[in-house]
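S.K.: Using only what follows, build the 3D model:
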Amino acid sequence: MRIAHFSDLHYAVSTLPEVDTCFTYAVNQAIARQAEVAIITGDTTDHALDAHSPALMALARQIRRLADHCPVLMLQGTFSHEPPGTLDLFSLLGGRYPIHVANRLQQVILNTRREWTASTHARFDTKEWCDAECTLLCSCVPTMNKANLAASVGAEQAGQAMGHYLADLLAGYAPGNLLARQRGIPTIALSHGTVIGCMTEHGVPMAGMDHDFTAGALFQAQANAVMLGHIHLHQAWEQHGQMIAYPGSIGRLHYGEQSNKGFLMWEITADGARCELVATPARRTLELAFAGPPNMDALHQYVASHSIEGAWVRIRWQCLEEERATIHREAITALFRGAAGIKLEGRVIPIVRARAEGMARCLQLEEQIDTWARQVDTPAAPLLTCLAQLATHSPADIAMAALSGESVAGEA
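M.R.: Numbering: from 1, shown residues only. Sure, this is the predicted structure:
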């Protein structure tokens, strides 16, 4: 069975030019490659969208195109991106084939008439899917609410407890998946979450203990393929013919994202699975970073040796507070005039001034100056002389005397 697997579309008004270009291309490719099923593993939207939003209309248009070509299965993603209930709208779009929304723990089968049937509980019993002319068995694990566990085990233990719960749940799918595979039926598992050891879109390993599952727990479900969402970098794990994979996000949503963006075309049989990343025309991003202020000669060389036209450029640097005025932002922007966008990020290192030790205990200004002078190994006498002048003469008189080279009136 050929399955087109999309994830992390993140439709919103702010992301619309990028994600709609990429998803439209992906839908075209899925149709051209004759996908028999389309699956979206969460974060279809970036946040709650108004019904009249151009982003929602554009997304619905592409989902409908998929539904006119093949059955579509959509999985609930992160609640902050995809508020509960958001996906229910898409099941009403119509189309030649049905759209099923998996927003709870369930198994779903695709029958010979290319219709979806969902289990009443977390999984089917054997007789249910055997009698339903099953051609594909899907085990759906959408985003889980850790708040329910936190109320009983405490917030610090919620992540670990969720991991144990999901491991037991996935292992419970194994007998049914193994039986289906023995009968020649492809099996897949779908989820939206974090695998321990996965990499972010910036090429950095995920850190911390708040993970949803391990690769081992996912393999224990005994599904031919495990299709995941949530992480924006394409990556995969394989074991004994089983495969786990993230397609990554459909487009490039942040500066510094590595590797191609796209969707996965899966070829799944009862004996194994393989997938191919189909790259989308995601926007190009260029990154330049300086340890100090930006070097204009280096920027000129970069522009001369790279294709800037249509790229999104970010230039980062750090400088001391007194160097801030030497940075010509307008000149840098003009240098990259062919770019689709340019973002200048300068970090200013503030000057840290510390009071000399013991000054707070000095009651008189003369004592404070003397204490400071000893701390920095500077003679105090000239400073005290200046202080005495300020006490008896106006600033104008002191300035005139300094300009004429004479001493202030009244001094020896």
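S.K.: C-alpha from now on. contacts and neighbour counts both.
M.R.: OK.
S.K.: Show me what counts as buried in the host helix or strand of Ala396.
M.R.: Under the criterion of DSSP states H and E, Ala396 resides in helix 395-404. Using 16 or more other Cα atoms under 10 Å as the test for burial, helix 395-404 gives Ile398.
S.K.: export it as CSV, just CAs?
M.R.: Below are the C-alpha coordinates for helix 395-404, written out as CSV (Å, rounded to 0.1, in the frame of the first residue of the first chain):
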residue,chain,number,x,y,z
PRO,A,395,31.9,75.1,36.6
ALA,A,396,32.2,78.0,34.2
ASP,A,397,35.1,79.5,36.2
ILE,A,398,36.8,76.2,36.3
ALA,A,399,36.4,75.7,32.5
MET,A,400,37.7,79.2,31.7
ALA,A,401,40.7,78.7,33.9
ALA,A,402,41.5,75.3,32.3
LEU,A,403,41.2,76.8,28.8
SER,A,404,43.5,79.8,29.6
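S.K.: List the contacts of the most centrally placed residue in the chain.
M.R.: Computing the C-alpha centroid of the chain and ranking residues by Cα atoms, centre = their mean puts His232 first, at 6.0 Å. Residues in contact with His232, defined by Cα atoms under 8 Å, 6 or more residues apart in numbering, are 8, 200-201, 246-249.
S.K.: what about Gly77, which helix or strand?
M.R.: Following DSSP H and E, one finds Gly77 outside all helices and strands.
S.K.: what's the distance between it and Ala161?
M.R.: Here the criterion is Cα to Cα, to the nearest Å. By it, Gly77 lies 20 Å from Ala161.
S.K.: And for Ala298?
M.R.: Going from Ala298 to Ala161 by Cα to Cα gives 51 Å.
S.K.: Compare those two and say which is more crowded by neighbours.
M.R.: Neighbours per residue, other Cα atoms under 10 Å: of Ala298 and Ala161, the larger number sits with Ala161, 19 against 12.
S.K.: Hmm, Cys22 is touching Ala282, no?
M.R.: Yes - the criterion here is Cα atoms under 8 Å, and Cys22 meets it with Ala282 at 6.2 Å.
S.K.: Check the contact lists of those two and give me the overlap.
M.R.: Counting by Cα under 8 Å, 6+ apart, the residues touching both Cys22 and Ala282 are 250-251.
S.K.: Pull the number of nearby residues for Ala304.
M.R.: When neighbours are counted by other Cα under 10 Å, Ala304 comes out with 10.
S.K.: Need the pLDDT of it.
M.R.: We have a pLDDT of 92 for Ala304.
S.K.: again with the one 5 residues further on
M.R.: pLDDT, the model's per-residue confidence, is 91 for Glu309.
S.K.: How about the one 4 residues further on?
M.R.: Predicted confidence (pLDDT) at Val313: the value is 94.
S.K.: Name the residues linked to it by a beta bridge.
M.R.: Applying DSSP bridges to Val313 gives these bridge partners: Leu286, Ile342.
S.K.: Identify the residues contacting it.
M.R.: 285-288, 339-343.
S.K.: go again using 6 Å as the cut-off
M.R.: Neighbouring residues of Val313 by Cα atoms under 6 Å, 6 or more residues apart in numbering: 285-286, 342.
S.K.: now it: how far from Ser307?
M.R.: Distance of Val313 to Ser307, given as Cα to Cα: 11 Å.
S.K.: Check Gly193 too.
M.R.: 36 Å.
S.K.: And these two? Which one has more around it.
M.R.: Using other Cα under 10 Å as the criterion, Gly193 and Ser307 rank with Gly193 on top: 21 against 12.
S.K.: Any regions of this protein where pLDDT drops low?
M.R.: Residues of the chain that meet the criterion pLDDT under 70 lie in 129-131, 145-160, 207-211, 352-357, 408-412.
S.K.: Which SSE is immediately downstream of the longest helix along it?
M.R.: Ranked by residue count under DSSP state H, the longest helix found in the chain is helix 155-182. Heading C-terminal from helix 155-182, the first helix or strand you meet, by DSSP H and E, is strand 187-192.
S.K.: Can you give the contact residues for that following strand?
M.R.: For strand 187-192, using Cα under 6 Å, 6+ apart, the contacting residues are 77, 136-143, 223-230.
S.K.: rerun that using 8 Å as the cut-off
M.R.: Residues outside strand 187-192 that contact it (Cα under 8 Å, 6+ apart) are 41-42, 75-78, 136-143, 177, 180-181, 221, 223-230, 270.
S.K.: Quick check: neighbours of it in the sheet, parallel or antiparallel?
M.R.: Strand pairing for strand 187-192, using DSSP bridges, gives strand 134-141 (parallel), strand 225-229 (parallel).
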